[in-house]
Every structure is written in structure tokens, then in C-alpha cells.
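> mind looking at a prediction? Sequence and model below.
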Amino acid sequence: MPKMRRVSTLMCRPGMRLSKPVISDRGVTLLKHGVELNQLYIQKLFTMGIDYLFIDDPMTEDIIIEDPLREETRAFARIQLQQIFSAFSYGIDMGKADFYIGQCHKVSLMIIDDLDGCNNESLMLTNMNTKCNNIEQRFILNALNVCIYAAKMGLIESLPKKDIIALCMGALLHDLGIVWMPQHLFCKNEKLTTEELTEVQKHTEWGYQLLINIKSLPHNAAYCALQHHEKMDGSGYPLKLKDYQIHPFAKWVGLLDAYDAMTNSRPYRKALMPHEALDVLYASAGTLYEKSMVESFRNKVAVFPVGLNVKLNTGEIGIVSKVGPSFMHRPTIRILKTPSCEELLKPYEIDLSQHLNIMVREIV
């Protein structure tokens, strides 16, 4: 595995060298492995929506960041999701729809195989606290993240492979209905009006209408589009279904979609910290979300993955260096900067499981 550090793009400095290639949402390689960054590259990547980079760093070269997916899988998935978004935005006949569903099936298989071959039993997802510039970017990022979560949970729950594939396809396509959503509602940086909220909520029915007649798509995947905003107590939409009336795959996708939405920013709000998002889910377990699913997810997701840059409540800045299986929400942090932002010549580590008064305050 390559030795590298995940750094927020705006915190990168000229002279840093890339440990991984930079690939766009469309699968295009923007910068190759080993390229030395300059200020022009840094600013350009940020304006293109690239929120973090993997760089060489002698202070953290022993910290191995295990991305759950191969770069080839990510690139292929991005390309297919972009093409699916474009194709369904402008209308599509059933013949072509079957082709795109076939590609969606292939993406699901690649993601499942990557995760199944990963040595780490927990799930560490590094695409958090990102900003999307348009509705297509958000669709791609959300679809990919929710699919990764769904595949991992399906493997953990030992579901039959055909069910994991159907769950993944439902995760990839659950928000397809937003292709018909007015762009200005996505960009609005204040609370939606009642009328606007009603319009946005129609995306569940739009997505179902787009998918249900495609013969090559499992019906339980289409139900994910229709039911992923339903809630256990009947307070969801569009049908106000309760508990057993909601398909189990839709329950999973709704839960994972909610977590992904909370941990990524929106025009009208900042992203929640991962542990804060888990607390919100746990507080709603049994009322909005299936309790057993929330507990299973909570026990397996590493809220602060190895390689993540964080700032502690002490003001110190560092990188997550270890995540123990017994204390997944209290990782070990390698401190790289003092509270006054001075770089340390000799970094030191703090095990948060042994220092309960110290906590992660923000992702940087």
C-alpha cells in the first residue's frame, strides 16, 4: 500500500508531492502520481471541486491509508454515474436504459469485490465533508458513498450475493429522480418554502417512475428510490409507510443516505461531524430508523478514518494514525501542529480512548 497523507486541498502547500493521482468526477486524470504541487494547481483543483489530495509526508509515511476502493473502480463508477445522470435527464428509451442498468450492475460488482477483498473489517470512508458545486456532482458523490456503505453492510450481514448486488444497485440509483428537480432548489442557501419542499420530495416518485419498468433492474432496487425517505413511525414520504411496510433495502438506503447527507455540507448548512451524525441516527433508532440497522452500522463504521486531518478541542492539529477495533470512535491522533499552528519537529500521539476529556472538534 502507498504511504501517504490525506490533506484538505486548501491546506496543501507548493512543493508537496502527490501520492495518488487526482481523478475528476468524470474519471479524467487531472494530475498524475508524483506531481509536485504549485499554487496554481492547488487553486485550480479546489475550484473544480477537488476537496482533498493524497500527498507524500515524511512525518506520516508509516501511516497506511487503505482506500476501500481501487482507483480503477472509482473512476469507472464516476463515469457510469455521470452518463446515467445525463441519459435520464434528457429522457431515455428502454433499450438504452437496460444498457445503463447493466453498467450499474457492473459497478456494483466491482465495489462488492473490492470491499470483500479488503482486510479491514470496519468501514473507513474518506469522502466526507465535501462540497458539491452542482446537482450532478452531488448525485455522483452521494450515490457512490451510499453504495460503498450498503455493500459493506450487506457483506457484514452475510446477505446472499444477489441481494447485495440488488441493494448496491438501489443505493446507486436511489436519488435518480433528482434529474428532474429544478437546479435552483439544489443551490438555494436558505430553508426551502413549503411549496419548494413539496417539489423536492417528488424526486422519490420520479425516480421510481424512471426505474420500475426497466426489466433488467431488480424491483427491490427500484423500491429504494420510492421508499428511502419513508420512516419507521410513518412520518416519511411519499406514502407515509410504517415499519414492516418499508422494504428492508429501502430502510438501509434511507439510513445510509441520511448519514452521508449529514456528513457532507449543503448550501444552507455545514456538515456535521461523523460522530454527531451517528448520535442523530442513534437518537432516532426505533422511531425513524430500524434500531438493529443503526446499531450494526454504528458498530462497523470508523467515524474518523485513518489519514483524516483533524483539530482537537485542545487546539492541536494532527492526523488519525490508528483506529482500534474496541474503540472505533476514539482513534489515536498523531499531533503535527501546536494550537498556535506551529509545525512540530517531533510529532507525538494521543490515544483518545485513554484521554476521554480530549475529543475531535473539527475535520480540517
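Great, that's in hand. Predicted model only: the values in this text are computed from it and were never measured.
> rest of the way, CA atoms for contacts and neighbours
Fine.
> I'd guessed residue 139 sits against residue 177; true?
No: judged on Cα atoms under 8 Å, residue 139 makes no contact with residue 177 at a distance of 10.0 Å.
> of those two, which one has the most company?
Using other Cα atoms under 10 Å as the criterion, residue 139 and residue 177 rank with residue 177 on top: 25 against 21.
> tell me if the more buried one really is in a strand.
No: according to DSSP: H, G, I helix; E, B strand; the rest coil, residue 177 belongs to no strand; its state is helix.
> quick one: contacts for it?
202, 203, 204, 205, 206, 207, 208, 210, 225 (Cα atoms under 8 Å, 6 or more residues apart in numbering).
> top of these by neighbour count?
residue 225 (30 neighbours).
> just to revisit the earlier point, widest-spaced pair of the contacts of residue 177?
202 and 210 (12.5 Å; Cα to Cα).
> do you know how far the most centrally placed residue in the chain is from residue 33?
Note on the chain: the residue nearest the mean C-alpha position is residue 145, at 3.2 Å, using Cα atoms, centre = their mean. Separation of residue 145 from residue 33 (Cα to Cα, to the nearest Å): 24 Å.
> one more: residue 169?
Residue 169 is 31 Å from residue 33, by Cα to Cα.
> of those two, which one has the most company?
Shown here are residue 169 and residue 33; by other Cα under 10 Å, residue 169 has more neighbours (28 against 14).
> hang on, isn't that one packed against residue 102?
No: the criterion here is Cα under 8 Å, and residue 169 misses it with residue 102 at 10.0 Å.
> buried sites along stretch 215-225?
216, 217, 218, 219, 220, 221, 222, 223, 224, 225 (16 or more other Cα atoms under 10 Å).
> cool, stretch 154-165 as well?
Quick answer for stretch 154-165 (16+ other Cα under 10 Å): 154, 155, 163, 164, 165.
> would you map the helices across the protein?
Using DSSP state H, the helices of the chain run over 39-47, 71-89, 94-116, 135-156, 161-173, 183-187, 194-201, 203-211, 219-227, 248-262, 274-283, 291-300.
> how about the nearest residue to residue 144, chain neighbours excluded?
Nearest residue to residue 144, sequence neighbours excluded (Cα to Cα, 6 or more residues apart in numbering): residue 172, at 6.4 Å.
> doesn't residue 146 make contact with the one you found?
Yes: with contact defined as Cα under 8 Å, residue 172 counts as touching residue 146 (7.2 Å).
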